[in-house]
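Undergrad: Sequence and predicted structure below; questions after.
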Amino acid sequence: MNETGTIIIGLSLIIIMFGMGLSLTVDDFRRVIKYPKAILLGLLNQLVFLPIIGYVIVSVLELRPEIAIGIMILAACPGGAVSNIIVNLAKGDVALSISLTAISSVVSILTIPFIIQFALLEFIGAGEKITLNVPQMIGQLLAVIIVPVFVGMLIRAKSSGFAIKMEKPVGVASVILLILVITGVLIKERSNFVPYFIEAGLPTIVLNISTMGLGYLTAVSLKLIKPQAISIAVESGIQNSALAMTIAIVTLQNSSLGISAAIYTLVMYVAGFAVIIYGRK
């Protein structure tokens, strides 16, 4: 992808994360004290179980390196703003969902580089070379995640009325930009799209269903109420695909690694719709 496309993708994620920041308050981070069991279980599913499940899936299916690494990038990413919307529509615990998204986004700044470094060493194809500068990647993640979220939270704290008014237009812009990013990836990889789709379709579906299912079952087993279980399930299985594509294209400079994330976006919306139907019963 050319330099202009790379810049657009980076700016798209910044706007998406800024929109998330507009919906956050300091209380969202304080809830870890108020709901320790639910928060810790959600983080365990997101930060530990999700990467493990991703690794098992790509190992068992013996996928080509581009797809395997793409799946691991997805599994390393936290939840995104889409998960909060789905939880709201499914009548889940929105406060818990937002708290998990916020906390996992901060923690993943440290976990993402090492999971991706492991994936590159484990699955890279013979004769290929993709190097990862961990300190540089952490800096990029800070720039596209923490900074815009902090700015959004600052605006929310200083002018909550303005922030609330801006949430909807920024949210709409985020969706449009995400669609453009996915379209750009698919156009760039159009010659490989059909074989990639055939190979990446199954693992992305399995990743989504298994992680959401595990999130829900672990929540129920610990006797959390249904709204909390829905939130943990969604946060465990609905990943920030925009971040995954940004990592693939901007950081690793390899658009083929973003195909899994593009396909996963379609899968997660279908799964999200199913969760909404279940939650509203």
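TA: Received the coordinates, thanks.

Undergrad: For the helix or strand harbouring residue 60, could you pull out the residues that count as buried?
TA: Assigned by DSSP states H and E, residue 60 belongs to helix 50-61. Residues of helix 50-61 classed as buried: 50-51, 53-55, 57-58 (neighbour count, 16 or more other CB atoms under 10 Å). Placement of C-beta: from N, CA and C, glycine included.

Undergrad: again, but for stretch 135-148
TA: 137, 140-141, 144-145, 148.

Undergrad: okay, the residues you listed in a markdown table with pLDDT, distance to residue 197 and secondary structure next?
TA: As requested, the buried residues of stretch 135-148 are arranged in a markdown table below (pLDDT from 0 to 100; distance: CB to CB, whole Å; DSSP: H, G, I helix; E, B strand; the rest coil):
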| residue | pLDDT | distance to residue 197 | secondary structure |
| --- | --- | --- | --- |
| 137 | 72 | 28 | helix |
| 140 | 70 | 28 | helix |
| 141 | 75 | 28 | helix |
| 144 | 73 | 27 | helix |
| 145 | 73 | 28 | helix |
| 148 | 81 | 31 | helix |
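
Undergrad: Looking at these, which one is closest to residue 212?
TA: residue 145 (23.0 Å; CB to CB).

Undergrad: Hmm, that closest one is touching residue 104, no?
TA: No - contact criterion CB atoms under 8 Å: residue 145 and residue 104 do not qualify, at 10.7 Å.

Undergrad: give me every residue that touches residue 224.
TA: Residue 224 sits next to 37-38, 41, 232 when contact means CB atoms under 8 Å, 6 or more residues apart in numbering.

Undergrad: and with 10 Å instead?
TA: Residues in contact with residue 224 (CB atoms under 10 Å, 6 or more residues apart in numbering) are 35, 37-38, 41-42, 93, 96, 216, 218, 230-232.

Undergrad: What of residue 108?
TA: Neighbours of residue 108 in contact, by CB under 10 Å, 6+ apart: 46-47, 76-79, 115, 141, 145, 240, 243.

Undergrad: ok so, going back, what is the mean pLDDT for the helix holding residue 60?
TA: On average, the pLDDT along helix 50-61 is 92.

Undergrad: Same question for stretch 20-34.
TA: What stretch 20-34 shows for mean pLDDT is 72.

Undergrad: That one: end-to-end distance?
TA: 22 Å (CA to CA, to the nearest Å).

Undergrad: and if you look at stretch 220-232?
TA: 10 Å.

Undergrad: list the buried ones in it?
TA: For stretch 220-232, burial by neighbour count (16+ other CB under 10 Å) applies to 224, 226-232.

Undergrad: circling back to that earlier point, out of the buried residues of stretch 135-148, which one sits closest to residue 254?
TA: Nearest to residue 254 among those is residue 137, at 13.7 Å by CB to CB.

Undergrad: Now that that closest one has come up, it's in contact with residue 115, right?
TA: No - with contact defined as CB atoms under 10 Å, residue 137 does not count as touching residue 115 (11.2 Å).

Undergrad: gap between residue 143 and residue 27?
TA: 26 Å (CB to CB, to the nearest Å).

Undergrad: again but with residue 163, I slipped
TA: Counting by CB to CB - residue 163 and residue 27 are separated by 14 Å.

Undergrad: Looking at those two, which has the bigger crowd around it?
TA: A count of neighbours by other CB atoms under 10 Å puts residue 163 above the other of residue 163 and residue 27, at 21 against 11.

Undergrad: what's the closest non-adjacent residue to that one?
TA: The shortest distance from residue 163 to any non-neighbouring residue, by CB to CB, 6 or more residues apart in numbering, is to residue 156 (4.0 Å).
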